[in-house]
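Colleague: Everything below, folded, please.
(chains A and B)
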Protein chains: 2
Amino acid sequence: MGECFKIALDAMGGDYAPQEVVRGALLALGENPQLELLLVGDEARIKDELVACHSKSLERITLIHAPAMMSMSEAITALRKKRDASIMRAMDQVKEGRARAVVAAGSTGAAMSAALLRWGRIKGVERPAIATVLPTAAGPCLLLDVGATVDCKAEWLRQFAFMGAAYARMVLRIPVPRVGLLNIGEEPEKGNEQALAAHHLLAAAPGPFWTFIGNIEGRAIWDGSADVVVTDGFAGNIALKTAEGVSALVTRLLKSAIRQGSLRAKLGAVLLRPAFRVLQRRIDPAEYGGALLLGVDGVCVICHGSSKAYAVANAIRVACQALAGEYLEFVRSSSTFGESVKGAT
Amino acid sequence: MGECFKIALDAMGGDYAPQEVVRGALLALGENPQLELLLVGDEARIKDELVACHSKSLERITLIHAPAMMSMSEAITALRKKRDASIMRAMDQVKEGRARAVVAAGSTGAAMSAALLRWGRIKGVERPAIATVLPTAAGPCLLLDVGATVDCKAEWLRQFAFMGAAYARMVLRIPVPRVGLLNIGEEPEKGNEQALAAHHLLAAAPGPFWTFIGNIEGRAIWDGSADVVVTDGFAGNIALKTAEGVSALVTRLLKSAIRQGSLRAKLGAVLLRPAFRVLQRRIDPAEYGGALLLGVDGVCVICHGSSKAYAVANAIRVACQALAGEYLEFVRSSSTFGESVKGAT
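Modeller: From the prediction side, this is the model:
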């Protein structure tokens, strides 16, 4: 009994492929007995890794040979001609019904292009968006777009609101998500041209299963004031990377304050170590690892190129959650304008 | 001997005016014997505060009566008709030679409009920018614009680079500042239309006293990779507010981890308290308090509307540094294009 999660994993993507990707796969298989993985990439190299790891989960692994791979620096246009690239073959597994989702650890641009080429866009959505779950003082907050579509029309931001709200409802289990627009002030008249136009659109036509709570400042994201925060891929990426940079800086400064501090401070740090670990787990990107590529007609989760095994396993978990929540089915059956949404009310 | 710093302070600006502004003024006077302040606002109310504080620095304070004030919600257009508003009167003090700089703690928009109305723009600069000094792992970094000009042409970003570099050189004492462009990737071909165009402009014509080091991601700001980071007022504001939100969240989570932790964690926290204080001082916005309004033809420092005495005193210190560094004189005598820059080489 129970749902089966068949996921295609691009084993050649990212800075530490295939080693860390394979290790992440085995971690995920160990955690979830309903998981089956298709490891896509250089068959011989993946096999070597599997042998080195002495895995017990081999019967839930299928190898799909894909001789070529996309390097981080390769132009996206090269992808069209590279049908045997591991990321393209991974998308094929879903298209041809052998898997239900793709997890990619390599170049974000390559994953996005491959998904668009192989799966196309979902009806009613003109541009893809990458969504990431952020920790806040009061639960998770979904931020999108964090880098897929950098020049955005207001209408596309409204479509992002729809997709983000659908994800928050189906996967994060928030019945009526509160959607905010990332902006430089709370007042409706604040912002650049794009934000003003988007505010107008969002306020005029909220969805049947979400509420528009207006503008959200960069600071308020972290209070948990909104469940979904919508912005273009430029501002969203700046916000996400800034947040990562500040948490890294705080950790670094705290360590240096302790190192340069008195014996008293050093003793204090030793005593506080378990509390620090709890904190780190709450703000660590690897813990929240796995950004969702929304707007393409399939479930695809992208990890940082620098992902280690733990982050890959997390991304696989995120993909399973998206499948279990039937996010894609809900979005396919819904209208972005909110009329006659099946199962939404 | 010694330079005299005569600064006009809008005593009616901000959420805690005039009380906290007056207290901040007295703090600053206590720190700097070369400082003289013109307190602009409701004379009777300022006098009451001064009496309540039993100040010894009264001989270095001049009161300038300005009966009207701008509320945070008031439209900027109202300012034109409100010539007796305290922020307008403060600008007048500089225009008429009675003060050398203005410190404003109220609405950023009102301060900017008043400066533009009274002082005008500096030659060669088409739009104002607000610059703020951020802490990084390796010294200060000047980020601009953080909210003055939200829709930016690439050429304006180049002018921001010039102003930021001039400030970093003259005030932060960095002889050849490294200027970066805030973007979503390091590669020159990354970014939205505006960032691509600005990268092209900045790479083509760097200044004689600064180097363009290319794109800087939101994460790299905090490594100290650049001395100056340039962006439009929308993305810059998102970055700044996100940073504030994340540091507030980390502090909050750390406190809650300690509170919910064992006796061991609580003891550790007590021992670590001095180290925490050092850390907080390094990342506290009040410590770095005082954003510079660049591009107007005068020195103006803006504090958060929620500034307390300590932040007001810091803003006054920032204004003194700008005056001592002769930032304005340098910018006035320089060309934004870098040809024949007096004293730059």
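Colleague: Get me the contact residues on the stretch 1-150 of chain A for chain B.
Modeller: The stretch 1-150 of chain A comes close to chain B at residues A:135-137, A:147, A:150, as judged by CB under 8 Å from any CB of the partner chain. Any C-beta I mention is one placed from the backbone N, CA and C, and that applies to glycine too.
Colleague: Sketch out the strands for the stretch 201-345 of chain A, chain order is fine.
Modeller: Per DSSP state E, counting those that start in this stretch, the stretch 201-345 of chain A has strands spanning A:211-216, A:228-230, A:291-294, A:299-302. These are given in chain order.
Colleague: Most tightly packed of the ones you listed?
Modeller: For those, the stretch with the most neighbours on average is strand A:228-230, a mean of 30; neighbours defined as mean count of other CB atoms under 10 Å in any protein chain shown.
Colleague: How about the residue nearest the centre of chain A: what's its closest non-neighbour residue?
Modeller: Taking CA atoms, centre = their mean, the centroid of chain A lies closest to A:Ala291, which sits 1.0 Å from it. Nearest non-adjacent residue to A:Ala291, counting by CB to CB, 6 or more residues apart in numbering or on different chains: A:Thr132, 4.4 Å away.
Colleague: beta partners of that neighbour?
Modeller: Applying DSSP bridges to A:Thr132 gives these bridge partners: A:Leu143.
Colleague: One more: the one 4 residues further on?
Modeller: Listed by DSSP bridges, the beta-bridge partners for A:Thr136 are A:Gly139.
Colleague: Output the longest helix belonging to chain A.
Modeller: Ranked by residue count, the top helix of chain A under DSSP state H comes out as helix A:233-260.
Colleague: so how many other residues sit close to A:Asn245?
Modeller: Let me fix one detail, which is that residue A:245 is Gly and not Asn. Using other CB atoms under 10 Å in any protein chain shown, A:Gly245 is surrounded by 23 other residues.
Colleague: which residues touch it?
Modeller: Contact partners of A:Gly245, counting by CB atoms under 8 Å, 6 or more residues apart in numbering or on different chains, are B:218-223, B:243.
Colleague: still on that earlier bit, export the strands of the stretch 201-345 of chain A as JSON lines, with columns for mean pLDDT.
Modeller: Conversion of those to JSON lines gives the following (pLDDT from 0 to 100):
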{"stretch": "strand A:211-216", "mean pLDDT": "96"}
{"stretch": "strand A:228-230", "mean pLDDT": "98"}
{"stretch": "strand A:291-294", "mean pLDDT": "95"}
{"stretch": "strand A:299-302", "mean pLDDT": "96"}
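Colleague: that older thread, what about the residue nearest to A:Ala291, how many residues close to it?
Modeller: Using other CB under 10 Å, A:Thr132 has 24 neighbouring residues.
Colleague: before we move on, what about A:Ala44?
Modeller: Around A:Ala44 sit 9 other residues, with neighbours defined as other CB under 10 Å.
Colleague: What's the per-residue pLDDT of it here?
Modeller: At A:Ala44, the pLDDT value in this model is 94.
Colleague: Next, it: secondary structure please.
Modeller: helix (DSSP: H, G, I helix; E, B strand; the rest coil).
Colleague: Now do the contacts for it.
Modeller: In this structure, A:Ala44 makes contact with no residue, judged by CB under 8 Å, 6+ apart.
Colleague: From chain B, how far out is the closest residue in space to A:Val228 that isn't next to it in sequence?
Modeller: Among residues not flanking A:Val228 along the chain, A:Gly164 sits closest, at 4.0 Å (CB to CB, 6+ apart). According to CB to the nearest CB, to the nearest Å, A:Gly164 stands 17 Å off from chain B.
Colleague: about what we covered before: beta-bridge partners for the residue nearest to the centre of chain A, please?
Modeller: With DSSP bridges as the criterion, A:Ala291 is bridged to A:Ile302.
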